[in-house]
Structure formats: C-alpha cells, structure tokens
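A.B. asks: pasting the structure only:
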DNA sequence: GCTCCGATCTACCACCCGGTACATTTGCCT
DNA sequence: AGGCAAATGTACCGGGTGGTAGATCGGAGC
C-alpha cells in the first residue's frame, strides 16, 4: 500500500471514529453528514469522497466492529485447550474486555441495526447465531464431562451473552470498578450460572 | 369519565399501539406520522388532535411502558414474604414474562432512548437505578442469611437484569420454548448465578 | 329536516438534510 | 517556478416530512 493509500485509509478511519462518536451520542438518523464534517473541521464533500453515502458509513462501522470485536473472542471460543471451566472463564474475560473497550460500537450495533439493509441484517444474525452456538457447545462439553450442570446449554449461552452485553448500559470506567474487577466478577458469575462444581 | 372521554382515550391507545408496532419495526425516526395514520386508515391531523407532536407519542409510550411493565415487577420485588431464593425465583419469573409479553415496547425502550429529552432520560435512569438497587438488596439479604454466595450483589443484580432483558433479542413465541419453559430455565440460572445452595 | 358543533380530511407550507456540480485551492513532479 | 491533477470547499437542488389552516363531513338535539 502506497503512502497515499495509507493516508486515504487513515482519513477513512477518522471519519469512522467521528461518526461512531456521534452515532453513539445522538443516533444514526439524528446525526447529519454536516455534523460529522463539523466534528472533523471539514465539509460535506470531504466525507463523500471517502464514503458513497451516509448508509455506507454505518455499514463500514458494523464491518469494523465484527472484525476487531469478534475476531479475538471467537478465537478464544475456538481454542479447545484446557478444561471447560477454564475456557469459559477465559471467554467471559475477553468478551467483557472487548465490550468495554469498544463500548460505543457495541451500543451502536444494538441500537442501529434497523438502519441496515435486509441482507446485512441477515448476515449479522447468522454470525450471532454461530457465536451463540459455539458458546452453547462449550457449555455442553462441560455438561457432558460433569463439571457444568444446566438443562439447556443454549439458554445458558444466551443468558451469559445477555449478562455480558448488558454491561455497555451500566459500566463506566470512571465508576468504582476497574475492568479487571468486573471481568473477575462476571466470569465467576458465569461459572455459577452454568452450575460449575469445580475450579 | 364520560363516554366521550372513554372513546377519546381508546383512540389514543389505538394510536399508541400502531406507533409502537411501527417504532419496533422501523425505528422512531424512520416512521412518519403518515405511516402511523396509514396503519389506522386515518390521516395526519387525526393523530395531531390526540398528540401534540411526534415526540409526545414516544414519551407516552415510555410512560405507559413504565406503568404496566414495571408496576408488577416492582410489586414482586417489594414483597418481602418468603425466603430470598423463593423471592428471587418469583421475581425472575414475572420479569421474564413481562419482557416477553411486551417485547415491542421493551425493545423500543432500549433503542429509542436517545430520542427523549434530557429530563425524561434522567427520570428513566433514576427509576432504572432504583430497580437495580432493589434487586441488589434482595440478593444481599440472601447473602447475609447464607443461602446466596456472591461477592458483589450489585453486579449480580445487573447480570440478572442483562440476562433477562436480552431475551427480547432472541426469544420468539414461535420457537421451541414456551414462555413457562423459558421462565423456569432462566429462574434456575439466576439462582445458580447467585450461588444459591438451597432450594 | 335543519342547524350547529366537533371530528376529520384536503391541501399546503417551510425547513431540514442527503447528495452533487462546479469553483478553488493545494501540493507534487519536472 | 510553473503546470497539472487530486483534494476540498462553495453553493445549490429537491425530496421528504413534521406540522397547520381552513374546508368538509357527520351526528346530536330541536
């Protein structure tokens, strides 16, 4: 990639950053392209040389999110080394960390899904289901080896996801809890939830 | 209340119902007053005789939601009869039922909060915090009587709320689970989560 | 059957905002 | 330095949508 292309890519990132901040604060529909421009000290056509239209900014934000939010988490889920209880603990830790680290985009993904086209929504839903199924399978392993005790691994999987993803609504880095205290607490609660009898 | 006023009230409810359906499907900003009118086979000025403006429809929806979503749940939380584990189980059951029963409005409350004014948001946040604190207190009681085992009741409270509220994203009445199976499962998971050692 | 009043509709306005044509500037290459 | 292309700004358009004024319809009471 040439220097020029690097610069172009960097400008795209700046736009995406400004947009994600505004989408998080005001919502997609209520932020105008002029708002994004103003945040960068730039005018509308600047934005349009880097993105086809307003919708495409949101779409890129979702793509970026899936890439650097889920990549690591899925890696942890796919790593079959260690006992199920250790794997679950590692998973919850990374999942919580990622959710906090990228709180804005996490919130946007939940709140602005309606503004995506049907194809993109279907794509996201599919990835989400795969993710949930992977976690369910991990829980199932723990059940079959006798360390976890739940009657329905899929529900437990969805319960854990809900527990983790809800953090974006209440956790503040300025609050009484550090991220590591939070991850420690939530991974313990997750192990409780699946009825883990060993550590 | 006179017959006339009853009819007026009924028409307001019809508008709110149509609006909530559309807000759920398309989002607040993307649904027009004409959309709402069309859904009712009626024109724009009809809506405006019952609501001051578009925003006020959303506000009434939130008020209604707090009234008939939280009223019963808070009642259960306030009811101090029985052992903590029974109370927690009752709470989760009712909370899940209400979330499913009023899935549309539950989703709207999470996704459209940005469209409320600052005062209303502050009001909602305060009610939410009170709610979370009440649940935390229940968990704390269980901890102090030795049936629950969590290090931070507030986090456990928020974890349970997340677990329950997430259902609106994945539960479908057409799916494999009945509501009662769901409530049974989730209340068990909640008891696990708080490390309940008795039943 | 007539009148009056309230409920609802027709028709319209005005503004906001996504998007674009074209002018202008900037900076790179020779 | 000069010229050229790419990047960015100025100025504008046009559609969509919240909101409203005044016409019209319909029913209750006499």
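C.D. replies: Everything's here; your move. These numbers were taken from a predicted model, which means no experiment stands behind them. Numbers count the residues shown, from 1 in each chain, chains lettered A, B, ... in the order given.
A.B. asks: how near is residue A:5 to residue A:11?
C.D. replies: 11 Å (Cβ to Cβ, to the nearest Å). All C-beta spots, glycine's among them, are computed from the backbone N, C-alpha and C.
A.B. asks: neighbour count: these two, which is higher?
C.D. replies: Neighbour totals were compared for residue A:5 and residue A:11, and residue A:11 leads with 16 against 9 (other Cβ atoms under 10 Å in any protein chain shown).
A.B. asks: quick check: longest helix of chain A.
C.D. replies: The helix spanning the most residues in chain A, taking DSSP state H as the definition, is helix A:118-144.
A.B. asks: coming back round to it: overlap in contacts of residue A:5 and residue A:11?
C.D. replies: Residues touching both residue A:5 and residue A:11 by Cβ atoms under 8 Å, 6 or more residues apart in numbering or on different chains: none at all.
A.B. asks: residue A:129: what's it in contact with?
C.D. replies: Contacts of residue A:129 (Cβ under 8 Å, 6+ apart): none.
A.B. asks: 10 Å - rerun?
C.D. replies: Residue A:129 sits next to residue B:170 when contact means Cβ atoms under 10 Å, 6 or more residues apart in numbering or on different chains.
A.B. asks: count of neighbours near residue A:52?
C.D. replies: By other Cβ under 10 Å, 9 other residues sit near residue A:52.
A.B. asks: how near is it to residue B:29?
C.D. replies: Taking Cβ to Cβ, one finds residue A:52 at 21 Å from residue B:29.
A.B. asks: can you pull out the low-pLDDT segments for chain A?
C.D. replies: Within chain A, the ranges that satisfy pLDDT under 70 run A:1.
A.B. asks: what parts of it come near DNA strand C?
C.D. replies: Taking Cβ under 7 Å from any atom of the strand as the contact definition, chain A meets DNA strand C at A:30-34, A:44-45, A:48, A:53-55.
A.B. asks: quick check, residue A:173 in contact with residue A:100.
C.D. replies: Yes. Contact criterion Cβ atoms under 10 Å: residue A:173 and residue A:100 qualify, at 7.4 Å.
A.B. asks: now do the shared contacts for the two.
C.D. replies: Shared contacts of residue A:173 and residue A:100, defined by Cβ under 10 Å, 6+ apart, comprise A:179, A:182.
A.B. asks: re earlier: tell me the buried residues in the longest helix of chain A?
C.D. replies: For helix A:118-144, the neighbour count (16 or more other Cβ atoms under 10 Å in any protein chain shown) marks A:120, A:124, A:128, A:131-132, A:134-136, A:138-143 as buried.
A.B. asks: next: stretch A:175-195.
C.D. replies: So, applying 16+ other Cβ under 10 Å, buried residues of stretch A:175-195: A:177, A:182-195.
A.B. asks: just the residues you listed that are near chain B?
C.D. replies: A:177, A:182, A:184-186, A:188-195 (Cβ under 10 Å from any Cβ of the partner chain).
A.B. asks: hmm, back to that, looking at residue A:173 and residue A:100, which is more packed in?
C.D. replies: In this view residue A:173 and residue A:100 are compared by other Cβ under 10 Å, and residue A:100 has more residues nearby, 18 against 11.
A.B. asks: so that one makes contact with residue A:167?
C.D. replies: Yes. Assessed by Cβ under 10 Å, residue A:100 is found in contact with residue A:167 at 6.5 Å.
A.B. asks: who touches both of the two?
C.D. replies: Shared contacts of residue A:100 and residue A:167, defined by Cβ under 10 Å, 6+ apart, are found at A:106, A:182-183.
A.B. asks: now these as JSON lines including distance to residue B:68 and secondary structure?
C.D. replies: Shown next, in JSON lines, are those (distance: Cβ to Cβ, whole Å; DSSP: H, G, I helix; E, B strand; the rest coil):
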{"residue": "A:106", "distance to residue B:68": "30", "secondary structure": "helix"}
{"residue": "A:182", "distance to residue B:68": "33", "secondary structure": "helix"}
{"residue": "A:183", "distance to residue B:68": "37", "secondary structure": "helix"}
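A.B. asks: burial check on residue A:107, number of neighbours?
C.D. replies: Neighbour count of residue A:107, defined by other Cβ under 10 Å: 20.
A.B. asks: test my guess that it contacts residue A:24.
C.D. replies: Yes. Residue A:107 is within contact range of residue A:24, at 5.7 Å (criterion: Cβ under 10 Å).
A.B. asks: anything in contact with each of these two?
C.D. replies: Listed as contacting both residue A:107 and residue A:24 by Cβ under 10 Å, 6+ apart are residue B:114.
A.B. asks: hang on, the earlier thing: ok, of the buried residues of helix A:118-144, which one's closest to residue B:38?
C.D. replies: Nearest to residue B:38 among the buried residues of helix A:118-144 is residue A:120, at 26.5 Å by Cβ to Cβ.
A.B. asks: name the nearest residue to the closest one, ignoring sequence neighbours.
C.D. replies: Nearest residue to residue A:120 in three dimensions, chain neighbours excluded: residue A:59, at 6.4 Å (Cβ to Cβ, 6 or more residues apart in numbering or on different chains).
A.B. asks: alright, I will stop here.
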